[in-house]
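Engineer: 3D, please:
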Amino acid sequence: MNTPGFSVIIPLYNKEREIGDTLRSVLAQTLQPTEIVVVNDGSTDGSAAVVREIAAEAPLVRLVEQPNGGECAARNRAIAEATGDCIALLDADDQWRPGFLQEIAALIREFPDCGLYCTAFDIVSREGEFPADCPAERGVVANFFRDSAHRYIAIPSASCIPRRVFDDVGGFPEGMKMGGDLYMWIKIARRYRVCFSHERLCRYSRVASNRSAAVYTPERTPYSFEQLYDPAAPDEEREFIARAALGKALVLSAKGGTEEAARAIRTFGYTKTYRRTLRKVQVLNRLPVGWRAPVLNLYNAIAWRLAKKGL
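Structural biologist: Model (predicted):
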């Protein structure tokens, strides 16, 4: 089987400090992509200028401009602009190690019928760099929904999707501000096998600029996790959807989305695997709005410190 042509797609919004290193990590790949499509989603800082400067020296880089429409819309625009057989996702604040595309190409040759190819990754934090909790095996994942319960299998920056898959499942859910990647994984894993490599070839940043905004504004989108819920689906699939929806509800509640969080509690209260997350949403949603973000941030900070120490 011939080596596939990779189109790397990068949605960009106000990542002036990070986008240069992100692009250089792609240009340093041992297997070069066909192209790197960067969609500037209405940035208000100097992000686009950084991309133009690099593109002047690296013809693989192509900058596409559009008004701000959100990350999912930027990804869909990049997919429409791309020409490669495989779409490699990368966020504008993350980086690849040099062998990432080489390993993805090897997975595709060995397991050609999968709909999602992923690798393990490391988490870059202010305290240092730590391995994410990922499977230790290489190959086709036995059950994506079950095996994702307590380990990371797919994140956008460590994932690649064959173009043919988008023709089947459609694009990312435009208008969803959080969870668009999980929404896509659910659609793919319902129809295709997922392939994973234990090689840690991506660096996921927790310290980048312009993290999600603290001000709550309701989503305007026809897409939701409630829409994906199927009471007749296997337990592990319903649990994965509950995990995605409740994790999102936790953040929405912290930002002031009381009604949205309450709806998630009602809809996904059936969960058995993620009772702890459900309880966190329930408790947080009862607090005064002004308390919620500080309480959640403190909880997350303590949880992270414990997790990275193996406790």
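Engineer: Stretch 76-87: how far from the chain's middle?
Structural biologist: The chain centre lies 17 Å from the centre of stretch 76-87; the measure is C-alpha atoms, centre = their mean, to the nearest Å.
Engineer: which residues sit against that stretch?
Structural biologist: Stretch 76-87 is contacted by residues 4-7, 9-11, 33-35, 37-39, 62, 64, 66, 69, 104, 108, 160-163, 166, 171-172, 174 when judged by C-beta atoms under 8 Å, 6 or more residues apart in numbering. Heads up, the C-betas are built off the backbone N, CA and C, glycines and all.
Engineer: contacts for the lowest-mean-pLDDT helix or strand in the chain?
Structural biologist: Using mean pLDDT, DSSP states H and E, helix 289-308 stands out as the lowest-scoring helix or strand of the chain, at a mean of 87. The contact list for helix 289-308 (C-beta under 8 Å, 6+ apart) reads 125, 127-128, 130, 214, 250-251, 253-256, 258, 280, 284-285, 287.
Engineer: Can you tell me which of those residues has the most neighbours?
Structural biologist: Among those, the one with the most neighbours (other C-beta atoms under 10 Å) is Ser253, at 29 neighbours.
Engineer: Who are the contact partners of that residue?
Structural biologist: Counting by C-beta under 8 Å, 6+ apart, Ser253 touches Glu260, Ala261, Val281, Leu284, Asn285, Arg292.
Engineer: Which of the residues you listed sits closest to Ile241?
Structural biologist: Val281 (14.8 Å; C-beta to C-beta).
Engineer: wait, the closest one sits on Leu250?
Structural biologist: Yes: using C-beta atoms under 8 Å, Val281 is in contact with Leu250, at 5.2 Å.
Engineer: Name the residues contacting each of those two.
Structural biologist: By C-beta under 8 Å, 6+ apart, the residues touching both Val281 and Leu250 are Ala261.
Engineer: Leaving out sequence neighbours, find the closest residue to the most centrally placed residue in the chain.
Structural biologist: In the chain, the residue lying closest to the centroid (C-alpha atoms, centre = their mean) is Pro156, at 3.5 Å. Distance criterion C-beta to C-beta, 6 or more residues apart in numbering; nearest residue to Pro156, sequence neighbours excluded, is Leu89 at 4.5 Å.
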